[in-house]
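Trainee: Okay, here's the prediction I keep looking at, along with the sequence it came from:
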Amino acid sequence: MLAADLAKFYGTSWVPEYAREYLEQKGPVYVEEDILKIARGQLERESEAAAKASQFLFCDTEFIVTKIWSEFKYHRCHPWITRQVEHHAYDLYLLCDIDLPWQSDPLREHPGLRKELFKLFYDELSSRGFPFFVIDGLNHDRLNNAVRNITDYFKIK
């Protein structure tokens, strides 16, 4: 929801999480090969949306998420995804905190491992030196915190 809200706030485009679309069509059971298909589908959606974007393009997910999920679930990651993490960096990453209550749905996994997964994302961003902010807050506070960090980072007046 944050990516959609930010796109609306800034009057630009956003890219939903392709994994959700893929798994809603395929079904919630997936195999390791599906991770690569999801990553490639996400990149395709980003390329299409970038052509329409104005000041920013907000992406609900990206290659670090795909990499970590693959490593977490299958203990390895396809080299194409790893290369994308290295060569397809974004201007700024917003890492959503886990302060929102867990909402169950058929595509979500591991509600008891939120802290562990959050730490994996945090450590990956930190170790690579990618610019990021942790975004917390409930309701409109989350959007306001994201906008404040984006405004400060890009020095928007």
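Mentor: Sure thing, it's come through. Residues are numbered from 1 along each chain as shown.

Trainee: List of residues touching whichever strand or helix holds residue 142?
Mentor: Assigning secondary structure by DSSP states H and E places residue 142 in helix 140-154. With contact meaning CB atoms under 8 Å, 6 or more residues apart in numbering, helix 140-154 is reached by 2, 5-6, 9, 56, 92, 94, 96, 100, 131, 133, 135-137, 156. All C-beta atoms are positioned from the backbone trio N, CA, C, and that covers glycine.

Trainee: Which of those fall in helices?
Mentor: Among those, the residues falling in helices (DSSP state H) are 2, 5-6, 9.

Trainee: ok, back up a step: which members of the contacts of helix 140-154 are classed as buried?
Mentor: Taking 16 or more other CB atoms under 10 Å as the criterion, what is buried in those is 2, 5-6, 56, 94, 96, 133, 135.

Trainee: how about CSV for those residues, with distance to residue 64 and pLDDT added?
Mentor: As requested, the buried ones among the contacts of helix 140-154 are arranged in CSV below (distance: CB to CB, whole Å; pLDDT from 0 to 100):
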residue, distance to residue 64, pLDDT
2, 16, 97
5, 21, 97
6, 18, 97
56, 18, 95
94, 12, 98
96, 13, 97
133, 15, 98
135, 15, 98
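
Trainee: Just want the most central residue of the chain.
Mentor: In the chain, the centroid-proximal residue (CA atoms, centre = their mean) is residue 61; its distance is 2.2 Å.

Trainee: for that one, what are its contacts?
Mentor: Going by CB under 8 Å, 6+ apart, residue 61 touches 17-19, 42.

Trainee: and which of those residues is nearest to residue 127?
Mentor: Top of the list for closeness to residue 127, among the contacts of residue 61 and by CB to CB, is residue 42 at 22.1 Å.
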